[in-house]
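Enquirer: after the sequence you'll find the predicted model.
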Amino acid sequence: MTALPPASEAGAPRWLLPRTAHAAHPGLVLAGFVIAGLAIGLSQQGAAGVIQDQVRSFGTTVDMIGYTIVAYALGVVVGAPVLMVGLARWNRRRLLLAMSAVFVVTSLLTVVAPSVQALLVIRFLAGLPHGALLGTALYVGVLVLGQERRGQVIATVMYGLTAATVIGVPGMQWLSEAAGWRLSYVVVTVVGLAGFGLMWAFVPSVPGAAGGGFRLEIAALRGRLLWTAIVTVTVGFAGLGAVQSYMVPLLEETNGFATSTVTLVLAVFGVGMTAGAFVGGRLTDWSVVGTARLSLAGIAIMLAALGVVGDDGWPVVPALVLLGVCIQTFSQAAQAHLMDVVHTSPSLGAALAHSSLNAATVVGTGLGAVVIGAGLGYLAPAWIAMALALVALVLAFLGPGYRGAR
């Protein structure tokens, strides 16, 4: 286990910290990160589960609500690099708590959004702390458990996000149908508060970057290897936004599934993503780039399968589950690779991973909204995402930083 710096090095007197945070308690530290990740997952991924009720509530269209999902993802894309660079010298405990507090407040604002236009702005603001919070959590988690278990740390911290797809997305979809989508985001707010409380109680003080940290963070953003990795992650991961954001109308309108059946399918899709997190964490410890290539190939294959069987009823279910496994496996490898590329600032690399993953959501969901709005149906986004996954696969073999890697 990697030794943590004492609180005094960060300039934080011990009396300002709860007694439990004076030293690292690995399991409890990670538990706080998992709960915070669960809240973020409910907020982001749960949006796909409440989309139909929001359409009815605001009297708008599916593609318009799709843009609120894009707005959240744009918030992550902007917030991760800006906050991590601008707050590079902040103590990591302080940064985690600040980002968690912002998330809770914006979740509460989502509950009271008066119009779809207001919701667009609020969801953008809600996305701002996402990457900085989870990126910093990954960095602190590796410090607590040790570099040799990095892949497992990434998988554990991400369990909150994947758990949201198992219980959160179908749960929010069911709750929105039963009591309205606003109550679903009340649940998000409560879970976010629980994550804040656990992090306040158990996350130890970890110093931010030393003098010159800001310049180092800026310098890290200029590397060709970094931008190749970002493009690869963005185009490779677009399939999640393209498919998940419109999964409920795909299942209900294209395949004629009942609401109760849709809830079950969403849960099974989440199980696939959870399995991908488990498998991906261990494969990443074996080979980061190899895992990225293997999972990208799987994503392309399963998107093609979804395009073929996506309107045939029950065959759509195994295609979605296997797609979830491949996407989440790629997510683990992508985050580890970006932390390697930005080796001078692994917390920035982890935050940029979330920025890239959400840029992919912007691409996938945005293109999906365009083709659905053009009347091409709910399967068209899968074909576009498949083409993007093939581009990412080529980059993972031939791009700078990937060529010759194993």
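Expert: Structure received.
Enquirer: what's the longest helix in the chain?
Expert: helix 116-145 (DSSP state H).
Enquirer: just checking, what packs against the helix or strand following that helix?
Expert: Sequence order places helix 150-163 as the next helix or strand after helix 116-145, per DSSP states H and E. Applying 3 or more C-beta pairs under 8 Å, 6 or more residues apart in numbering; DSSP states H and E, one finds that helix 150-163 contacts helix 26-45, helix 116-145, helix 259-286, helix 316-341. Every C-beta, even on glycine, is put in place using the N, C-alpha and C of the backbone.
Enquirer: before we move on, back to that, give me the buried stretch members for the longest helix of the chain, please.
Expert: 116, 119-120, 122-145 (16 or more other C-beta atoms under 10 Å).
Enquirer: list the contacts for the one residue sitting closest to the centre of the chain?
Expert: Nearest to the geometric centre of the chain sits H354, at 5.9 Å (C-alpha atoms, centre = their mean). By C-beta atoms under 8 Å, 6 or more residues apart in numbering, the residues touching H354 are 76, 80, 130-131, 134-135, 335.
Enquirer: now F237, what are its backbone angles?
Expert: phi -90, psi 0 (degrees, to the nearest 10).
Enquirer: ok, the residue nearest to it when sequence neighbours are not counted - how many residues close by?
Expert: Leaving aside its sequence neighbours, F237 sits nearest to A360 (C-beta to C-beta, 6 or more residues apart in numbering; 3.6 Å). Number of residues near A360 (other C-beta atoms under 10 Å) recorded here: 28.
Enquirer: now swap in the one 3 residues further on and tell me
Expert: Using other C-beta under 10 Å, V363 has 22 neighbouring residues.
Enquirer: now the helix or strand encompassing it and helix 150-163, what's the angle there?
Expert: Assigned by DSSP H and E, V363 belongs to helix 346-373. Here helix 346-373 points in a direction 40 degrees away from that of helix 150-163 (axes from the mean of the first three to the mean of the last three C-alpha atoms, to 10 degrees).
Enquirer: run the chain-centre distance for helix 346-373.
Expert: 9 Å (C-alpha atoms, centre = their mean, to the nearest Å).
Enquirer: what's the average pLDDT for that helix?
Expert: Across helix 346-373, the average pLDDT comes to 78.
Enquirer: that one vs helix 316-341, what angle?
Expert: 150 degrees.
Enquirer: who does the helix or strand following helix 346-373 touch, helix- and strand-wise?
Expert: Once the chain leaves helix 346-373, the next helix or strand it forms, by DSSP H and E, is helix 380-398. Helices and strands touching helix 380-398, as assessed by 3+ C-beta pairs under 8 Å, 6+ apart, comprise helix 224-236, helix 238-244, helix 288-309, helix 346-373.
Enquirer: returning to what we had before: for the residue nearest to the centre of the chain, which non-adjacent residue is spatially closest?
Expert: Spatial nearest neighbour of H354, excluding adjacent residues (C-beta to C-beta, 6+ apart): G131 at 3.6 Å.
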